[in-house]
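Chemist: I would like the atomic coordinates for the input below:
(chains A and B)
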Amino acid sequence: MSNDWPLWEVFIRSKQGLDHKHVGSLHAADAQMAIENARDVYTRRQEGVSIWVVESKYIHASNPDEAPAFYDPMNDKVYRHPTFYDLPDELKHM
Amino acid sequence: MTDLFKYTVHLADNALILGHRNSEWTGHGPILEQDIAISNIALDLIGQARNFYQYAAQMQEGDRSLSTDVVSEDTLAYLRDAHEFRNCLLVEQPNGDWGATILRQFFFSAYQFYLYGQLQHSKDEMLASIAAKALKEVTYHLRWSAEWVIRLGDGTEESHNRMQHALNDLWKFTGELTQPAAFETQLVKEGISVDLAIIQPLWQEKVTAVLSEATLAGTDAKLDKAWMQTGGKEGRHTEHLGYILAEMQFLQRAYPGSTW
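Modeler: Take a look at the predicted model:
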């Protein structure tokens, strides 16, 4: 069965959370089954209140070999961070 | 033994026996996610059984006609014999293959969905609150099992044949679900139990729709006129219940009062 059923990546948002986090993967025949399987497997212990499932083949990831070219150039560009503003003390939640 | 006690125990027994049957799949499911799904459903059902048994045990407190001193959810579940159980015959049927199991679940969950939908308005507050909580669980059981019936019924030639086989076997046990026992009829007058005449057409409509989408012979005239097995609510069971209880009750009977 799992030879024919595609693999799906599962993302769950917790009750307090704002974003869906990746929690694992599962096999299912279609999207509806994938959501039910995710509900049965990944929300048993109240892990979340919202489920996203995406077929694994639609996830495109960056290549770790390209990491130096992708990410190292940011190390010495500190001017891109918004850290030079003087915030008044009254602003508590910036 | 009051009608309310019989009714509560009937509701509990249904849930316990089907929960036990479903738990027989744990570790043996066809694929990981469905093993977990059926185990979850078993847990939900056993949870419902506990709620009903605890309520029934409360009713028995101080009843001097009983032979045991302590009456609890455990004595009700583990120390009664087959003829004292009031579950419907459907839930004690063997699991068979996956198709038979999900079909049995679908028939039963459709019944529970409409039953609890009504029972949550019962004049008995405890039954009403148990039903309200259980309704959420059962809403999912119904959705899950109905989809599997359709998937397997309208599936490959093999899955369709297996489902048709299961339907031929199980159909005769579905009539009892909506045939009231004497204690049910009595309690309807007091606004406590569900009038099964209300939910029978709802159950029929849902089942017909799903079986039809699953390309199974649900609207077949032969099924409409089929003879129905009954007796479970009065303690007359198929040969299966004895074996179920032997397995389920062995530990508590061999080592009374044992705990983890």
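
Chemist: Tell me which other helices or strands the helix or strand harbouring residue B:101 touches.
Modeler: For residue B:101, the element it lies in under DSSP states H and E is helix B:98-119. For helix B:98-119, the packing partners by 3 or more C-beta pairs under 8 Å, 6 or more residues apart in numbering or on different chains; DSSP states H and E come out as helix B:3-23, helix B:32-60, helix B:125-153, helix B:157-170, helix B:196-213. Heads up, the C-betas are built off the backbone N, CA and C, glycines and all.

Chemist: could you give the angle of that helix to helix B:157-170?
Modeler: 50 degrees (axes from the mean of the first three to the mean of the last three C-alpha atoms, to 10 degrees).

Chemist: mean confidence for helix B:98-119?
Modeler: The average pLDDT within helix B:98-119 is 98.

Chemist: quick one, helices of chain A?
Modeler: For chain A, helices defined by DSSP state H occupy the ranges A:31-42, A:67-71.

Chemist: hey, least reliable of the ones you listed by pLDDT?
Modeler: What stands lowest among those, in mean pLDDT terms, is helix A:67-71, with a mean of 90.

Chemist: ok, and what's touching that one?
Modeler: Applying C-beta atoms under 8 Å, 6 or more residues apart in numbering or on different chains, the external contacts of helix A:67-71 come out as residue A:62.

Chemist: For residue B:15, see how far away the spatially closest residue to residue B:51 that is not a sequence neighbour is.
Modeler: Nearest residue to residue B:51, sequence neighbours excluded (C-beta to C-beta, 6 or more residues apart in numbering or on different chains): residue B:130, at 4.6 Å. Going from residue B:130 to residue B:15 by C-beta to C-beta, to the nearest Å gives 10 Å.

Chemist: can you list residues touching both of those two?
Modeler: Shared contacts of residue B:130 and residue B:15 (C-beta under 8 Å, 6+ apart): B:48, B:52.

Chemist: Any idea how many residues pack against the residue in the stretch 101-250 of chain B that chain A sits nearest to?
Modeler: Chain A sits closest to residue B:144 of the stretch 101-250 of chain B, with a gap of 6.0 Å, by C-beta to the nearest C-beta. Residues lying near residue B:144 (other C-beta atoms under 10 Å in any protein chain shown) number 23.

Chemist: and it, what does it touch?
Modeler: So residue B:144 contacts A:36, B:37, B:41, B:105 (C-beta under 8 Å, 6+ apart).

Chemist: and those residues as JSON lines, adding neighbour count and distance to residue B:122?
Modeler: JSON lines is the format used below for the contacts of residue B:144 (neighbours: other C-beta atoms under 10 Å in any protein chain shown; distance: C-beta to C-beta, whole Å):
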{"residue": "A:36", "neighbour count": "21", "distance to residue B:122": "30"}
{"residue": "B:37", "neighbour count": "25", "distance to residue B:122": "30"}
{"residue": "B:41", "neighbour count": "26", "distance to residue B:122": "24"}
{"residue": "B:105", "neighbour count": "25", "distance to residue B:122": "24"}
